[in-house]
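*Asks:* What follows is a predicted structure for the sequence shown.
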Amino acid sequence: MGGLSDIFPLLLTSSLWQTTLLLAVLLLLPALGGVISERSGVVNIAMEGMMLTGAFFAVWADLNWHNAWLAALVAVIAGGLMALIHGVVSIRFRADQIVSGIAINIFAAGLTVYLVRTIYGLQDVGHVGQSELLPNWNVPVLSTIPFLGKVLFQQNVIVYVALILLVLVEIVLFRTQLGLRIRAVGEHPQAADTAGLNVYLIRYGAVVTSGLLSGLAGALLAIGVSNTFVPNMTDGRGYIALAAMIFGKWTPRGAFVACLIFGLGEAIYANNSTIHVSQYLLSMLPYLLTLIVLAGVVGRSTPPAADGIPYAPGSE
Amino acid sequence: MPIASVLFAFLVGAIIVAVTRGNPLSAYAGLICGGFGIACTQGENPALQISNTIVFMIPLITAGVAVALPFRAGLFNIGAEGQLLAGAMACTALGIKLHDWPAVILLPTVLVGGMLAGAFWAGIAGVLKATVGAHEVVTTIMLNYVAQWLLRYLIIGGPLQLAAGTSKSLPIGKGAELATILPNDNSLIIFDLPASVYRVHTGLVIAVIAAAVFAILLWRTSLGYEIRAAGQSQKAARYAGVSVRRTIIVTMLIAGAFSGLAGAVQIAGVDHNLTDKYFSDTTGFDAIAVALLGLGSAVGIVLAALLFGALHSGGSVMQADAGISSSLVLVLQALILFSIAANFLNAIKLRIPGLGQAPSAPAPAGVGAALMTEAASAPPEQAGGT
Amino acid sequence: MVRSQLRFLALVGAVLMIVAACGSTSSGSTAKQVKVGLVTDVGGLNDKSFNHLAYVGLQRAIADFNVKGDVTESKTGDDYVPNLTNFASKGYDLVIGVGFLMQEAVGTVSGQFPNVHFAIIDGAGTDASGKDLAHANVESLFFKEQDAGAMVGVIAGMLEKDKKAPGNTNVISAVGGVSIPPVNHYIAGYKWAATMEDPGIKVLVGYSNDFTDPAKCKSVAQSQIGAKSEILFQVAGGCGLGVLQAAGQAKVYSIGVDADQKDADPSVIASALKKVDVATYTAIKNVVNNQFQSGALTFSIANDGAGYSLDNLQLPSDIQAELDKVQAAIKAGTMTPPADIPA
C-alpha cells in the first residue's frame, strides 16, 4: 500500500492521537452503555437510535435555552427515555430484544427527521453559538506535558467524563456488590431471583443507563464536536460501538481498546489531504483490522449466560 | 401474520400525525394510494403504484430469506446488506467485462456470479464463527463496511467507473439484463401509460422461487433439519450427530448466496449499472425487519416484503399529496416492529413453564429460540401463528 | 387460517378505502393552473444547501405565479424514477429533478412522457452511458460551480498575498464531500483562482467521503489546519458544517458553499453561491410563460446564477476591486475557471 510510509510519521504526531481519543470516546460511551445493558441480560443494539435522539434533543434544547450543560442533560434524559421504551418492550412485554433494538433505531431515525420538519419546518435547524457548546478544557499543569499533555489533557470536557466513567464502570461492574448483582441477573436470572434480587429493577436500571450514556454521546457529537443537527448525523457510530462491545468481550476495557482502534482508523483517514493512499482502502482499514484480530487473537467472544458455561463471579 | 400489530402501529402513527397538526387521514390515503393503487384521489395511476410496490418488494423477499435462514440456525445475519452489495458488484463486474456475451449465457452467469460473491462474503463470517467463535454480529457488521468501501473504490476512480469524475459504473451488457414483464416500450400504452413505466421484471419470479427454495430447504431436506436442530440447541444437535460447525458455515454460505442473488437481481432487473446510491442502501437492514415480521416463514416473508414495499412506495405519494414528510414511514415501520415484537409474548409464555423472567441469553440464541418455538411444531405455511 | 386472514384483510382494506375517500381533499380543478412537481435528492429538504434552495425557488414561484407546487423527497436512489414518474403520470406541467445523480432517471422518464416538461438541476437527461439524450422536453440547468469557487478562491488568494490572513502561512485548503463533479468543480475554481492570485500558495484538498456527519469533516479540517491551512473551503453539505466549526475554533477562516452560510459560524468569511433557487424559479417561469426551452441553460457568474457572498469579514478594498475585475473577465469570457481540479 503506497501510503504506508506516509502513515508512520503521522503516527508520531500528537494531534493524530488527540483526534483518535475524541473519536474513540464518541464510540466508547455507547459501548459502555451496551456493556452494562447486556451484562444484565438485555440485548441492546439500539445505541445508534439512542445516540441520534440525544443529538437532536441536545441541539433543540441548546437552541432554546442557550446552556450547553442543560442541553446535555436533556440529551441524556432523551436517550434514557428511548432506552426505557426498549426496556419496557423487552422486559415487560418480553419482546424479542433484537427486534426491539432495530425498531428503536428506525424509530429514532424517522422521529428525529419528523421533529425537525415539524418544529423547524424547512428552515435551517440553526447553529448553536460557540459559547454555548460543550467546551474543551485544558487540564492545568498536566496539559503542558509534551505529547501526552495534548493527547490526554487538551480535550472536550465530556472526554474526561467518559474516561472517568470508563474506570467507574469497570470498577463497579467487576469489583462491587452492585456489579455482582448486575452480572448475576445477566447470567442466572432464576438463581438471582431466588436469592432475592429484583431482576426487573436491575435490568431496567441497566437498560436506562445505556440510554443515558448513548444520549451523552449524542450530546458530545451534536453540541461538542459539531454545533447543529443534521439528519442521521450519527452515521453508524452506534453500530460500530456495538461491534466494539462484542470485540471487547463485554468488558469496558476491552471495548475501549476496540474504540481506540476504530478511532485511530478514522483519525488516520481524516488526513487524506496530505497522505496519498487510496481513500477507500484506507477507510476499510479499521474494519479489516478488526476482522483480522477477531480471526487470530481475540477468539471466542461469548455473551453473558452462554450455554451452560459457568461464570465465577470476581474471577475476571 | 400479525395484522393487529400493523393496525396498532397505524393507529399510533395517526396519533403522532394528529398531535403535530397533520391530517392522518390524508396521510394514510396517500400511503394506501402509493402502496396499493387503491383510493387514489389526485390522479395517480393505480397500475403504476402497484408496479412500483412490486419493484421495491422484490429484493426484500430474497434478502429477507437470507436473514431468516440463519435465524433458524441461531445466527443473526446482520450482514445481508454487505452480501447484497457483494452480489451487486460481482454481477456488474461480470456484466461489464463480458458484455458481448449472449443473454442465454450471460444472464445466468451474472446471477450465479452474484450468488457466489454473496456466499463468499457471508462465508467469511461463517468460517470465523465456526472456527474461532468470532461473533457473527461483529464480523458481518465489519464486512458490511468493507463492502461499502469496496463499492466506492470500484466506481469512483476504479476499474468499473463510467467516466472520470462520475460516481457510477459502466452499464452492464444487454445480455445481462432481466426482462421486464411488460415490454419496455415507450409507445405502447397499457393502463393509460406507456408500457415502459411498469418496471416489474422477471426478478419477481426469481424471488418467489427463492422463497420456495428456502421453505423446501428448511422443512424438507436433511440439511434443513440440521439447521433447525443447531438453532434449537447446539448440544442436542451434536448429540444427534449434527456437525454444528459445518452447519454454521453452510448456512451462512447459503444465506450469502440468497443476499448476493438479491443484489444481482437488482442490478440485472432495475439498475443495469452500479451507482453510489448503493453506499447508503438499506435493503439488507429492511430485510431484517421483513424476516422478523414474516416470522421466518416463506409466505410470511413475501407478505412482509409486500408491506414494506408498499410503505416505501406509499411514502412518496404521501409526501406529494399530503405534505407529510416521508420519514413518517420510518416511524410506522418501527411501530410495526415494536408491536410485532410485543406479540411474541403470547407464543413464548405458552412454552416456557412458569418462568417470570425474560430469556436470559441474549441474541442470537434468543432470536432463534423465539422463531423456533413459534414454528418448530408447524409446517411452514402456518408458521405465522395467530 | 389463511382464508380468514384474507377476509380480514379485505374488510380492513374496504374500511381503509372509505376512510381514505373521506379524508382526502378533492382538488377542484382551477382553470389551467400550472402544476409543478419537485423531486429532491437524498439529502432531503433540510440539507442546508441545494435541495433546500430548489424548494425556496419553488416557493417564490408559487407566490409570484400561483402555480401548484408539490415536493417529494427521494429517500434513496431507488426513488428517483418512481418519484419523477408519479408527477409525470399525473399530468404535471413541469417536473424538476434536483441533482446530477438523477440524470439517468430523468432521461428515462422524459422519454416516456414526451408531453410533460422536465428540468434537471446539475445535469442532463442521459442514458446509462452518460450520453445526453437531448430530449425535446428536457431543460438542463447547469451550474458553473467553478465560477463561484473561483470567486472565493480570489478572496483566499488575495488575503494570503496581501498578508491579511490569520497567520499568513500561505496554505489554504478545501474539504470535499465525495469526489463527484459538482464538488470537484467548486474546488477546481477555488484552486485555480487562488493560485492565479498568489502563485506561491499551497492548496490542500481532502475528502470526508461523507455528506451527513459533521464530525468527519471536522477531523479532515483539523488535519488540514494542522498542516497550516488557514482558509478552509467546505464543499461537503451537512458534513461540511464541521469544517466551518473547526475553523472557528482554531481561529482561522472558512468559506461556505451553495447558500450563504454566514450564520453557520463566525469564521465564515464568504460563501460560494450556487443559485439553485434562481434556476428553479427560472425554469418554472419559462413554463408559465410558455417559453420552455429544451437543452442546456447554464447558470454562471454571467447571468447571476453563481456568485459569492461576503460574510463575516470586512474585505479590504483592493480585494473587492480584484473580485470585480475577475468577475467581469469571467463574464466576458477572457478568463475561464477550469472544471477539473488543476494539478
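*Replies:* Yes, it's here. Everything numeric here is computed off the predicted structure, so don't read it as measured data. Numbering: from 1, shown residues only, chains lettered A, B, ... in the order given.
*Asks:* residues near the single nearest residue of the stretch 201-343 of chain C relative to chain A, how many?
*Replies:* Using C-beta to the nearest C-beta, the single residue of the stretch 201-343 of chain C nearest to chain A is residue C:206, 3.0 Å away. To be clear about C-beta, it is placed using only N, CA and C from the backbone, and glycine gets the same treatment. Using other C-beta atoms under 10 Å in any protein chain shown, residue C:206 has 28 neighbouring residues.
*Asks:* The one 10 residues further on too?
*Replies:* By other C-beta under 10 Å, the residues close to residue C:216 number 27.
*Asks:* so who does it touch?
*Replies:* Neighbour list for residue C:216: A:235, A:266, A:270, C:208, C:209, C:210, C:239, C:242 [criterion: C-beta atoms under 8 Å, 6 or more residues apart in numbering or on different chains].
*Asks:* Please apply the same query to residue C:44.
*Replies:* Residue C:44 makes contacts with A:113, A:231, C:51, C:73, as judged by C-beta under 8 Å, 6+ apart.
*Asks:* for the chain, what spans make up the helices?
*Replies:* If you meant another chain, say so; for now it's chain A. A:4-11, A:14-39, A:47-65, A:68-87, A:97-120, A:148-153, A:157-175, A:177-187, A:189-194, A:199-220, A:237-247, A:252-269, A:279-293 (DSSP state H).
*Asks:* that answer is for a different chain, and I need it for chain B
*Replies:* B:3-19, B:24-36, B:46-72, B:80-97, B:103-132, B:136-155, B:203-220, B:222-232, B:234-239, B:244-266, B:283-293, B:298-322, B:327-351, B:365-375.
*Asks:* quick one: is the third one near chain C?
*Replies:* Yes - Helix B:46-72 lies within reach of chain C by C-beta under 8 Å from any C-beta of the partner chain, at B:48, B:52, B:55, B:56.
*Asks:* Would you mind checking these for buried ones?
*Replies:* For the residues of helix B:46-72 next to chain C, a burial check counting by 16 or more other C-beta atoms under 10 Å in any protein chain shown picks out B:48, B:52, B:55, B:56.
*Asks:* Would you point out the most distant pair within the residues you listed?
*Replies:* The span of these, defined through C-beta to C-beta, is set by B:48 and B:56 at 12.9 Å.
*Asks:* With neighbour count as extra columns, can I get the contacts of residue C:216 in TSV?
*Replies:* Below are the contacts of residue C:216 laid out as TSV (neighbours: other C-beta atoms under 10 Å in any protein chain shown):
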residue	neighbour count
A:235	20
A:266	24
A:270	28
C:208	31
C:209	26
C:210	23
C:239	29
C:242	31
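*Asks:* Please list which of those are also close to chain B.
*Replies:* residue C:209.
*Asks:* before we move on, back to that, if I pick the closest residue to the residue of the stretch 201-343 of chain C closest to chain A other than its chain neighbours, what's in contact with it?
*Replies:* Leaving aside its chain neighbours, residue C:206 sits nearest to residue A:273 (3.0 Å; criterion: C-beta to C-beta, 6 or more residues apart in numbering or on different chains). The contact partners of residue A:273, by C-beta under 8 Å, 6+ apart, come to C:173, C:175, C:204, C:205, C:206, C:220, C:223, C:224, C:227.
*Asks:* Between the two ends of stretch C:135-153, how far is it?
*Replies:* 36 Å (C-alpha to C-alpha, to the nearest Å).
*Asks:* Chain C - how does it break down into domains?
*Replies:* Domain ranges of chain C: C:34-143+C:278-301, C:145-273+C:313-332, per automatic domain parsing.
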